[in-house]
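Undergrad: Can you look at this prediction? I've put the sequence above it.
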Amino acid sequence: MGGPERLVGKKILVVDDELDVLETIEELLNGCLIDKAPSFETAVKFLNKNRYDGAIFDIMGVQGYELLRIATGKGIPVLMLTAHALSPENLIKSIKEGAQSYVPKDNLSQIAEFLAEMLEAHQKGVEKPTGWFSRLKPFFDRQFGPGWREKDQEFWRDFDSKRVVSKKDLQDFL
């Protein structure tokens, strides 16, 4: 079943300082109940007032890491979305600080599938879902260059040891 069908009725907070990105995500997540926040302050008000099944936060421009801390403190799974902060360091920081997924804006068209996978993993109690990473690793390899994981070998060794491969990922691999 595709992402959009699995997302119907889910309450999602989307935070990005680019209004066109907010509109695009709202269109891509048709069927979700979306609250859009163009700023940190608006997002905090929403987080204090409402309950969410999940959240999508831009890193730059809206204090994404601070929002990540607030949301994870409330038990809300968070997908970090970025263009300007796309780097191995920010990917690692996002994971360490509790993000369930880290998606480049270049892959925005697949946001519904990434979000659906994240919410399903959260519902099943999977603490660190990694299906998103399996799908995006070829992109990261191209973007960051060969050997990009060598700098933080200890982190990646730990990450890989806890990696849960989905049935879909396994089927795609075979």
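TA: Received the coordinates, thanks. Numbering: from 1, shown residues only.
Undergrad: low pLDDT regions in this protein?
TA: 1-4, 163-174 (pLDDT under 70).
Undergrad: how about the strands in it?
TA: 11-15, 33-37, 54-58, 78-82, 101-104 (DSSP state E).
Undergrad: Format those strands as CSV; extra columns: distance to Phe159 and mean neighbour count.
TA: All C-beta atoms are positioned from the backbone trio N, CA, C, and that covers glycine. Below are those laid out as CSV (distance: least, Cβ to Cβ, whole Å; neighbours: other Cβ atoms under 10 Å):
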stretch, distance to Phe159, mean neighbour count
strand 11-15, 25, 24
strand 33-37, 30, 18
strand 54-58, 21, 26
strand 78-82, 15, 25
strand 101-104, 12, 22
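Undergrad: Reformat these as a markdown table; add distance to Leu115.
TA: Putting the strands of the chain into a markdown table (distance: least, Cβ to Cβ, whole Å) gives the following:
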| stretch | distance to Leu115 |
| --- | --- |
| strand 11-15 | 7 |
| strand 33-37 | 11 |
| strand 54-58 | 6 |
| strand 78-82 | 6 |
| strand 101-104 | 8 |
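Undergrad: What is the burial count for Lys96?
TA: 10 (other Cβ atoms under 10 Å).
Undergrad: Distance check, it against Tyr65.
TA: For Lys96, the distance to Tyr65 (Cβ to Cβ, to the nearest Å) stands at 10 Å.
Undergrad: Centre of the chain to stretch 78-90, how far?
TA: 9 Å (Cα atoms, centre = their mean, to the nearest Å).
Undergrad: meant to ask about stretch 141-152, not that
TA: Centroid separation between stretch 141-152 and its chain, computed with Cα atoms, centre = their mean, is 20 Å.
Undergrad: What is the end-to-end distance of that stretch?
TA: By Cα to Cα, to the nearest Å, the extent of stretch 141-152 from end to end equals 15 Å.
Undergrad: Kindly report the same for stretch 65-83.
TA: Per Cα to Cα, the first residue of stretch 65-83 is 15 Å away from its last.
Undergrad: Could I get the buried residue list for it?
TA: 65, 67-68, 70-72, 76-82 (16 or more other Cβ atoms under 10 Å).
Undergrad: Between the residues you listed, which sits nearest Asp16?
TA: Ranked by distance to Asp16 (Cβ to Cβ), the buried residues of stretch 65-83 are led by Leu81 at 7.0 Å.
Undergrad: any chance of the buried residues of stretch 65-83 in TSV, with distance to Gly131 too?
TA: Formatted as TSV, these follow (distance: Cβ to Cβ, whole Å):
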residue	distance to Gly131
Tyr65	23
Leu67	23
Leu68	20
Ile70	25
Ala71	20
Thr72	19
Ile76	19
Pro77	13
Val78	16
Leu79	12
Met80	15
Leu81	17
Thr82	19
